[in-house]
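quick one, structure for this:
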Amino acid sequence: MFDHLLAQSARSWQTENHRKTCYPVLNHARSNSKRQWTLIYPAAEEPENHPFYSQLPGVGIADLLRFVADATGFLKEFTHVLDRYVKHDPNAQEILACIVAMGTNMGLWKMADVSGLGHPSLMTTSRNYLRLETLHAANDAISNATALLPAFQLFKIRDELHSSSDGQRMQTQFNTFNARHSPKYFGLQKGVSSYTLVANHVPINAKIIGTHEHESHYVFDLLYNNTTDIKPERHSTDTHGTNQVNFWILYAFGYRFAPRYRDLHKKMESLVGARHPRHYNNAVIKPSRPAYRELIESEWPNIQRIMVSLAQKDVTQATIVRKLSSYARQNQTKKALWELENICRTLYILDFIDDVELRQSVQKALNRGEAYHRLRRAVAYVNGGKFRVQTEAEQQIWNECSRLITNAIIYYNTALLSRVYEQKQAAQDQVAMQAIQGMSPVAWQHINLIGQFEFSAAD
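Prediction:
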């Protein structure tokens, strides 16, 4: 694997003539006989709430969840906490009411008032059926069903599954152990962050972390513990998703890491090459030094043991990544890991500079994550979007409920787009088919998220 990396690095520096000219993507300027360059960042966002959705009849959130439940069967994942001792079937209407109550930050008391269901029965249902494992399985069922719809394939970026992850800050009404101050987002209050993995608009995994925790420590965790059938090939984050080891770890496990750096010029000082920098004197972009091959080869057995520990989940993956990326002692294994990171990062930065479509793809994937955050914010609208729970476990459950509702909305929209796409495909309407490919399933203007909720069984 390491020899393949070095060979790829050598080819990248030697065979790409445009490293010397850089005309396709670099703007040149001469100032005091020193060449300078800048990158153009095209960023065309995919607008949510496309005008197509304004032509659709409105649908209540309860009716939408019932439709998605019939189509995906996600309610089957809600088993009783004492399943082997319970003989009666669960009340589907109460389960849906509890999901909406927690997912919208409404709470069970308010849901009992607006739905006509009894508060004691809602409390019993939530305690018996709404657990982190059942909610996660229900989300997986919806995500897998979405992936089977024809329109899902239209959302691929450059014919590949390109995912992204980012955190969304949420204020907490009660102080919890993981709640921290963040003046930028909460002023004088405290909050947490919902770190979500989004692929083709679908939120396939999520985790609540503290705002004091670095998002980069959970990138591999979310990807490797993704239990859906949607398996990303390339993954993007913003600068907060990068550290000293993520490039190498994701490469070792078959992912292609494609972050967007806030200031790319600061990363140019860490570029490494297969040969000495004097071999690249005529290039605008050149490495600062050769890669330390001997160091990596001597520490390769230790590096392999670390990768096996990550794969076997012997300890929390975020803990390993945190220690690897911020280890204080200057030991040789840490240096070798960072050197592998430098090689992987160099290969990516060279491709990022040369390939304008890659830069567009990274921005597009990150825009989809931001669109999901806007949808989730619209769903969890009650109480100003603040968490009203007092424990970390409840935060995870309420966050999974919000993800389930957004997942159901995305499935519903994708199903509508799939039906229209199949009709236009049968009619060979290429213009309409092309227009559908540009529509995002992240839309909620036709979904009634407020008002009275009716969870009685449909006639």
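
off-centre distance for the longest helix that the chain contains?
Secondary structure of the chain read by DSSP state H shows that its longest helix is helix 392-426. Taking CA atoms, centre = their mean, to the nearest Å, one finds helix 392-426 lying 15 Å from the centre of the chain it belongs to.

for that helix, name the packing helices and strands.
Applying 3 or more CB pairs under 8 Å, 6 or more residues apart in numbering; DSSP states H and E, one finds that helix 392-426 contacts helix 61-72, helix 92-103, helix 132-147, strand 190-199, strand 202-210, helix 356-379, helix 430-437. For glycine as for every other residue, the C-beta is placed from the backbone atoms N, C-alpha and C.

any chance of those in TSV, with mean neighbour count too?
TSV is the format used below for those (neighbours: other CB atoms under 10 Å):
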stretch	mean neighbour count
helix 61-72	19
helix 92-103	24
helix 132-147	21
strand 190-199	25
strand 202-210	23
helix 356-379	20
helix 430-437	14
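
among the ones you listed, which is nearest residue 350?
Ranking the helices and strands packed on helix 392-426 by proximity to residue 350 (CB to CB) places helix 356-379 first, at 10.7 Å.

could you export that closest one as PDB, CA atoms only?
The C-alpha coordinates for helix 356-379 follow below in PDB (Å, rounded to 0.1, in the frame of the first residue of the first chain):
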ATOM      1  CA  VAL A 356     -12.000  22.200 -11.500                       C
ATOM      2  CA  GLU A 357     -14.700  19.500 -11.500                       C
ATOM      3  CA  LEU A 358     -13.300  18.100  -8.300                       C
ATOM      4  CA  ARG A 359     -13.500  21.500  -6.600                       C
ATOM      5  CA  GLN A 360     -17.100  21.800  -7.800                       C
ATOM      6  CA  SER A 361     -17.900  18.300  -6.500                       C
ATOM      7  CA  VAL A 362     -16.500  19.000  -3.100                       C
ATOM      8  CA  GLN A 363     -18.500  22.200  -2.900                       C
ATOM      9  CA  LYS A 364     -21.600  20.500  -4.100                       C
ATOM     10  CA  ALA A 365     -21.400  17.700  -1.500                       C
ATOM     11  CA  LEU A 366     -20.900  20.300   1.300                       C
ATOM     12  CA  ASN A 367     -23.800  22.300   0.000                       C
ATOM     13  CA  ARG A 368     -26.000  19.200   0.400                       C
ATOM     14  CA  GLY A 369     -25.000  18.900   4.000                       C
ATOM     15  CA  GLU A 370     -25.900  22.500   4.600                       C
ATOM     16  CA  ALA A 371     -29.300  22.000   2.900                       C
ATOM     17  CA  TYR A 372     -30.000  19.000   5.200                       C
ATOM     18  CA  HIS A 373     -29.200  21.300   8.200                       C
ATOM     19  CA  ARG A 374     -31.800  23.800   7.000                       C
ATOM     20  CA  LEU A 375     -34.400  21.000   6.700                       C
ATOM     21  CA  ARG A 376     -33.500  19.700  10.100                       C
ATOM     22  CA  ARG A 377     -33.800  23.200  11.600                       C
ATOM     23  CA  ALA A 378     -37.200  23.500  10.000                       C
ATOM     24  CA  VAL A 379     -38.300  20.200  11.500                       C
END
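
mean confidence score for that helix?
For helix 356-379, mean pLDDT rounds to 94.

and stretch 307-319, by the same measure?
When pLDDT is averaged along stretch 307-319, the result is 83.

got it, and stretch 204-214?
94.

could I have it exported to PDB, CA atoms only?
Taking Å, rounded to 0.1, in the frame of the first residue of the first chain, the C-alpha atoms of stretch 204-214 are listed here in PDB:
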ATOM      1  CA  ILE A 204     -27.200   8.000   6.800                       C
ATOM      2  CA  ASN A 205     -25.600   8.400  10.200                       C
ATOM      3  CA  ALA A 206     -25.400  11.000  13.000                       C
ATOM      4  CA  LYS A 207     -24.000  11.600  16.400                       C
ATOM      5  CA  ILE A 208     -24.300  14.200  19.100                       C
ATOM      6  CA  ILE A 209     -20.900  15.600  20.200                       C
ATOM      7  CA  GLY A 210     -19.900  18.500  22.400                       C
ATOM      8  CA  THR A 211     -19.000  21.800  20.800                       C
ATOM      9  CA  HIS A 212     -15.600  21.500  22.500                       C
ATOM     10  CA  GLU A 213     -14.800  18.300  20.600                       C
ATOM     11  CA  HIS A 214     -13.100  18.500  17.200                       C
END
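
domain parsing for the chain?
Listed by automatic domain parsing, the domain ranges of the chain are 2-38+162-366, 51-151+389-448.

what distance do you get for the nearest residue to residue 412 once chain neighbours are set aside to residue 306?
Counting by CB to CB, 6 or more residues apart in numbering, residue 64 is the residue found nearest to residue 412 once chain neighbours are left out, at 5.5 Å. Distance check for residue 64 against residue 306: by CB to CB, to the nearest Å, it reads 45 Å.

do residue 238 as well
26 Å.

ok, the residue nearest to residue 412 - contacts?
Listed by CB atoms under 8 Å, 6 or more residues apart in numbering, the contact set of residue 64 reads 408, 409, 412, 447.

save the residues you listed as CSV, and put in neighbour count, pLDDT and distance to residue 399 too.
Putting these into CSV (neighbours: other CB atoms under 10 Å; pLDDT from 0 to 100; distance: CB to CB, whole Å) gives the following:
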residue, neighbour count, pLDDT, distance to residue 399
408, 29, 98, 15
409, 26, 97, 16
412, 23, 97, 21
447, 23, 92, 20
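
which residue is nearest the middle of the protein?
In the chain, the residue lying closest to the centroid (CA atoms, centre = their mean) is residue 197, at 2.1 Å.

give me the local confidence score for it.
Note for residue 197: predicted pLDDT of 97.

over to residue 278?
85.
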